[in-house]
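Enquirer: One predicted model, sequence on top.
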Amino acid sequence: CQTLTGGASGLSRLPDFGFRALLGHQYAIVGNYYLALALVLAGSVFAFLAINSPLGHAFSALRDNPVSAMSRGINRAKYQILVFSMSAFFTGAFGAFYAGHFRAFGPTIFDMSTLLFLMSAMIVGGIGRLWGPFLGIAVLMVFDELAKGYSEWRMVGVGLFTVICVIVLPRGIAGLIESV
């Protein structure tokens with residue numbers, strides 16, 4: 001397995017997306033940017049269409065009151081497998097993009113602080129809202145940039161900011177904007 005997966009050091013020297021050959025070494029990052037933008041737009045459009053379809057209403061019903069949803073004929077196992085499959089597809093697509101962009105991938109790429117930062121962005125922005133994670137990551141990136149000088153206290157500040165947002169804005173920033 002060491003030769004296949006790279007072991008603890010992960011995969012390296014992965015091929016890029018071909019933008020270096022197409023656009024030249026200097027502008028390959030532009031091709032990667034537009035590919036990332038296309039992936040984000042495709043994921044956002046898919047999420048918007050899924051949320052505003054009967055599928056999204058079934059997801060909401062199962063989230064809000066599973067007993068009532070199942071009594072109305074919504075198959076909980078079917079929708080759990082469906083949402084797991086959809087999230088696995090998009091996680092795989094964005095993971096493949098990440099590996100192709102950086103041309104390396106391994107088990108230490110996403111450490112615990114990065115995962116907690118992303119989770120905090122979803123919570124601050126508003127869980128269950130389409131634009132919540134976008135707003136949350138924008139706010140936390142500004143907060144993170146302001147706290148660059150305090151490197152050892154930066155993650156403590158992000159955690160404290162997240163806790164304050166949970167207490168003050170339980171539905172997140174997107175929930176606050178929707179209620180106004």
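Expert: Nice, thanks for sending it over.
Enquirer: which is the next helix or strand following the helix or strand where Cys165 lies?
Expert: Using DSSP states H and E, Cys165 falls within helix 154-168. Following helix 154-168 in sequence order, the next helix or strand is helix 172-179 (DSSP H and E).
Enquirer: report the angle between the axes of that following helix and helix 154-168?
Expert: Counting by axes from the mean of the first three to the mean of the last three CA atoms, to 10 degrees, helix 172-179 lies at 30 degrees to helix 154-168.
Enquirer: if we can go back for a sec, now do the helix holding Cys165: everything it contacts.
Expert: Identification of contacts with helix 154-168 by CB atoms under 8 Å, 6 or more residues apart in numbering yields 113, 116-117, 120, 123-124, 140, 143-144, 147-148, 150, 172-173. Bear in mind the C-beta positions are built from the backbone N, C-alpha and C, glycine included.
Enquirer: With stretch 29-43 instead?
Expert: For stretch 29-43, contacts defined as CB under 8 Å, 6+ apart pick out 17, 19, 22-23, 90, 93-94, 97, 100-101.
Enquirer: Buried ones only from these, please, as a ChimeraX command.
Expert: Buried residues within those, by 16 or more other CB atoms under 10 Å, are selected in ChimeraX with:
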select :17,19,97,100,101
